[in-house]
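# Compute the structure for the input listed below.
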Amino acid sequence: MSVEIEVKRLYWHSRRGMWELDQLLVPFVEEQYLKLDAADRERYRLLLDCEDQDIFGWCMRRAEPDNADLKRIVELVLDHAKPK
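Numbers count the residues shown, from 1 in each chain. Modelled structure (predicted):
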């Protein structure tokens, strides 16, 4: 699969239908995904396989993922969302 097609697919998978998640995930995939190394790209795809309520809880810091890979990618998403 070409990188362009992959990013378009991930863009649509990043649109969760929950405003708060859309505000975090869509800009991340648009602005950061291509800058990630292969391992972090895989982590992002793993994150998108999770339930919206879990992702929301992690992003609102109400809980932490048990999986270290998910914990890392959540931190990257949240770091990207911080005001510059």
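
# after the worst-scoring helix or strand of the chain on mean pLDDT comes which helix or strand?
Least confident element among the helices and strands of the chain, by mean pLDDT, DSSP states H and E: helix 3-14 (a mean of 92). Per DSSP states H and E, helix 3-14 leads on to helix 19-31 as the next helix or strand towards the C-terminus.

# Downstream of that next one, the next helix or strand is which one?
Counting by DSSP H and E, the element after helix 19-31 in chain order, helix or strand, is helix 38-48.

# Helix 19-31 and the helix or strand following that next one, what's the angle between them?
Counting by DSSP H and E, the element after helix 38-48 in chain order, helix or strand, is helix 52-59. Here helix 52-59 points in a direction 80 degrees away from that of helix 19-31 (axes from the mean of the first three to the mean of the last three CA atoms, to 10 degrees).

# Restricting to C-alpha, output the very next helix or strand once past helix 52-59 in CSV.
Beyond helix 52-59 on the C-terminal side, the first helix or strand identified by DSSP H and E is helix 68-81. The C-alpha trace of helix 68-81 is given here as CSV (Å, rounded to 0.1, in the frame of the first residue of the first chain):
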residue,chain,number,x,y,z
ALA,A,68,3.4,0.0,27.0
ASP,A,69,3.1,0.5,23.2
LEU,A,70,-0.4,2.1,23.6
LYS,A,71,0.9,4.2,26.5
ARG,A,72,3.7,5.6,24.3
ILE,A,73,1.5,6.5,21.4
VAL,A,74,-1.1,8.1,23.6
GLU,A,75,1.7,10.3,25.1
LEU,A,76,2.8,11.2,21.6
VAL,A,77,-0.7,12.2,20.6
LEU,A,78,-1.1,14.3,23.7
ASP,A,79,2.3,15.9,23.3
HIS,A,80,1.3,16.9,19.8
ALA,A,81,-2.0,18.4,21.1
